[in-house]
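In: Okay, here's the prediction I keep looking at, along with the sequence it came from:
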Amino acid sequence: MGGSSRRMRLCAGVALSALIIVLGTNGSAKAEATDAQIKALQAQVEILARTVKELKEAQAQTAAEAKAAKKQASQADANSAQAKATAADAHARSARAPVKTGWGGLDSQGHAFLERKPGKDLTLFTPGGEITAYGQFDVSLDAATKNAKGNIVRGPTALGPGGDSPVGNFGWMPDISTNISYLGVRGFQRIGDHPFNFVYQFEAGFDISSAPGTKQSNSNLSNQVNGALFSRNSFIGLSSPSFGAIKVGKTDAPYKNSTAAFNPFSGMWGDYAVVMGNSGGDNRVEFGTRVSHAIWYESPIWNGFQFNVLFAPGQNRADDSSNLASGESDCAGNNDPNSGANPLANCSDGAFSNAASANLSYTNGPLYMTAAYEFHQNVNRSSDVAGAYFAGAAFANCAALPTPLGVQLCNADTANEDAMKLGIMYKLPTKTTVGVIGERMHRYTPAILDFQNERTRYGTWLVVSQELSPEDSLHFGWAHAFASPGNPGQHNDTTITLADGTAFGGPTQNQANMLTAAWKHKYSDNLTWYTNVAATFNGPDAHYDLGAGGRAVTTDCHDANAAPGGINAAPQCWTGTTIVGISTGLQWKF
């Protein structure tokens, strides 16, 4: 029975007992009740008394049960609150530091080790992070000529009466070239509850169409192996969406990266690096290269603005940068001391010490603008002077040159160099993209060397790209190199005779133009077929090449003299040529 029913019975029993007592009292007084009646009433009282007792006991039990239930409810509430707190703490800890539960098991975010992440990239989950594999394969079938204008014959110069011509074939030559091909991995790992991640990238270049190894020609030698681990942009660092990233390793400098989007011909004939960032016309691009042993900072994007800054210590004990940088296989500037008939047999053909590079960019929808600067300290070009006094054997140093004037010029030919550029690009509603770059490079030589300073000049680049369809696009580019204030002289244009009788230097009609065009067809997001043609039109004293910027096969101004190359090579550079190349190739990216 319920508690309310028990209380009613108790009250009824108490009332009946009182009535019996009253009746009993009245009966005695009046002596009207019989003994039988009294006994019956007494029996009923006993029954009611037992009932009252039972009701009291039941009420006491009910109160105890209610108290116990209330206590259990309170304990359940406490346990629930503790469970919620424990779950919240576990969730917070798992978000800060996911923990792998075993090989192939799940982490706290529900991802198996090396599980494929949805999307087009080849990204795999790792405990507390991700790792992405990427790469590019590019091979082309080409043909190029070093002089589309016809025969070049040396005229009378300080070197002699003239009449000779280039050694070997200066005309058309077919080739198969591997162009900017690489494999790499990049990724990140969370670091507990810190607001930044550990980031890394390891990238290796390789040759598809030729054997790996050091690269040597009669005009250049490099001990760097393209197929080695890790020959391209590689680093470790820390990165945060709020504070940016700081990285250490080797990388394309901010100066180069700032205008990479202006160059749809990367890795092709007519790459804009034939002229832009290329102070001397060689296929080594002084201000568009990869910088080793560097540390750099990449900022986040603030209202469309973003900047990068890099510093690379020279790691060079020599004051004139003539030593190999500590820990490196080549001179700074990407050549070997024994390269290309260097008469000093040291790092005196463009090697530098400390380097700094920076850029600032602004992006707003279809508009992109950038400004960039790069500085090279103590750039050693004394081999240019020593070459003028070359007599068939290498010199130990500048002091060994045969005349006091030669020693003076050689010692003075280590100077700082820098470059700056501005670029603007805009994509029109017609899906036409137009970009323009203006650049100034400067070599801070003393006045005594102004006559041979070809490194100070201006350059411009215009690019127009038109998307014809989602699969097809056309690209056109024009680079112009302005004349420099001096010229160190080449084999067929040397006209200056120094005070000690040495033939050295030449006129400064060393302006040049480079035109290039390409058609690209995308079979998929990964596979592109391209065909392009490019030509470099050198002024009478210019020797700009074709193919700089990442091609395995390039052209330059040198003839076929001294095929083995190395320090004893004497390749002749012929200025004023028109170099033309055509190419078709396939590129796969993932």
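Out: Thanks, I have the structure now. Residues are numbered from 1 along each chain as shown.
In: Give me the below-cutoff pLDDT ranges for the stretch 1-150 of the chain.
Out: In the predicted model of the stretch 1-150 of the chain, residues 1-38, 40-41, 44-45, 48-49, 51-52, 54-105 satisfy pLDDT under 70.
In: can we see that at 90?
Out: For the stretch 1-150 of the chain, the stretches flagged by pLDDT under 90 are 1-114, 127-128, 149-150.
In: do the stretch 301-450 of the chain as well
Out: Residues of the stretch 301-450 of the chain that meet the criterion pLDDT under 90 lie in 328-330, 333-346, 349, 383-397, 399-400, 402.
In: where do the helices sit along it?
Out: Ranges of helices in the stretch 301-450 of the chain, per DSSP state H, counting those that start in this stretch, are 382-388, 404-412.
In: these two touch, right, residue 171 and residue 147?
Out: Yes. Counting by CB atoms under 8 Å, residue 171 touches residue 147, with 7.2 Å between them. Every residue, glycine included, has its C-beta placed from N, CA and C.
In: Just want to know which of those two has more residues nearby.
Out: Between residue 171 and residue 147, counted using other CB atoms under 10 Å, the more crowded position is residue 147 (19 against 13).
In: where do the strands sit along the stretch 451-590 of the chain?
Out: Secondary structure of the stretch 451-590 of the chain by DSSP state E, counting those that start in this stretch: the strands cover 457-467, 472-481, 512-522, 527-538, 578-589.
In: closest to residue 329 out of those strands?
Out: Residue 329 lies closest to strand 578-589 among these, at 28.7 Å (CB to CB).
In: start to end distance for stretch 440-458?
Out: Using CA to CA, to the nearest Å, one end of stretch 440-458 lies 4 Å from the other.
In: Kindly report the same for stretch 546-560.
Out: Counting by CA to CA, you get 17 Å between the two ends of stretch 546-560.
In: ok, the residue lying closest to residue 322 once chain neighbours are set aside - contacts?
Out: Sequence neighbours aside, residue 346 is the residue nearest to residue 322 in space, at 4.5 Å (criterion: CB to CB, 6 or more residues apart in numbering). With contacts defined as CB atoms under 8 Å, 6 or more residues apart in numbering, residue 346 is in contact with 322, 323, 337, 397.
In: With mean pLDDT, distance to residue 384 and mean neighbour count as extra columns, can I get the strands of the stretch 451-590 of the chain in TSV?
Out: Converted to TSV, those look like this (pLDDT from 0 to 100; distance: least, CB to CB, whole Å; neighbours: other CB atoms under 10 Å):
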stretch	mean pLDDT	distance to residue 384	mean neighbour count
strand 457-467	98	16	18
strand 472-481	98	18	20
strand 512-522	98	19	20
strand 527-538	97	19	20
strand 578-589	97	22	20
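In: Looking at these, spot the one closest to residue 247.
Out: Closest among the strands of the stretch 451-590 of the chain, using CB to CB: strand 578-589, at 22.8 Å.
In: With respect to residue 265, which of the helices of the stretch 301-450 of the chain lies nearest?
Out: With CB to CB, the closest approach to residue 265 among the helices of the stretch 301-450 of the chain belongs to helix 382-388: 29.7 Å.
In: next one: that closest one to chain centre, how far?
Out: Centre-to-centre, helix 382-388 and its host chain are 37 Å apart (CA atoms, centre = their mean, to the nearest Å).
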